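> Based on what follows, work out the 3D shape:
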Amino acid sequence: MRSRLAWVLAAALCGASSAHAQSAHDQQAAGVPGVTFSAEYEQCLAHADSNAAMHRCVEAERAHWDARLNAAYRAILATAEFDVRGKTELRDAQRAWLVFRDKACEAEGDLFAAGGTAAPLIAADCTLAETARRAAELERIQKSGSRPP
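Model (predicted):
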């Protein structure tokens, strides 16, 4: 899944049209259940006139998804239906995932922007996408624990 920002940046870097980039975004987002970026985020990006402005949009949306991720994570740990071993494994997995997400997204920024000024923005967009995906996964797990098997 990629946000509108990633497709627009990729299109700009590769010389593709913005319309093609948006269509690819729609196809990708449709494949990730539970992940829809806010209308405020899309509006923010539509009005952003610099990398710094786009970065602020990305960070605001990431904060929203990070709050959802943390709420689901805490709810899973507080749910009696999940055993202690599973909760410990989740904690360890979540810690490893955070390290992986940050390293993978930093690499993505550097790979696509060759260390240029767009690299931090691409990395931030990747972090947003991966955080949203993980939040949706944790919300799915949380919901599965609230009903009998």
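> what separates Ser50 from Ala71, distance-wise?
32 Å (C-beta to C-beta, to the nearest Å). Heads up, the C-betas are built off the backbone N, CA and C, glycines and all.
> Settle it for me: which of the two has more neighbours?
Ranked by neighbour count (other C-beta atoms under 10 Å), Ser50 and Ala71 place Ala71 first, with 14 against 9.
> And the host helix or strand of the more buried one, what's buried?
Assigned by DSSP states H and E, Ala71 belongs to helix 51-78. Buried residues in helix 51-78, counted by 16 or more other C-beta atoms under 10 Å: 54-55, 57-58, 61-62, 64-66, 68-69, 72-73, 75-76.
> With stretch 36-50 instead?
Within stretch 36-50, the residues that count as buried by 16+ other C-beta under 10 Å are Phe37, Tyr41, Cys44, Leu45, Ala48.
> Show me those residues that map onto helices.
Among the buried residues of stretch 36-50, the ones falling in helices (DSSP state H) are Tyr41, Cys44, Leu45.
> Which one of those residues is nearest to Ala80?
The closest of those to Ala80 turns out to be Tyr41 (C-beta to C-beta; 35.4 Å).
> That closest one contacts Ala60, correct?
Yes. Between Tyr41 and Ala60 there is a contact at 7.1 Å, judged by C-beta atoms under 8 Å.
> Overlap in contacts, the two.
Counting by C-beta atoms under 8 Å, 6 or more residues apart in numbering, Tyr41 and Ala60 have no common neighbour.
> what does stretch 61-73 rub up against?
The contact list for stretch 61-73 (C-beta under 8 Å, 6+ apart) reads 3, 37-38, 40-41, 44, 90, 94, 124, 127-128, 131-132, 134-135, 138-139, 141-142.
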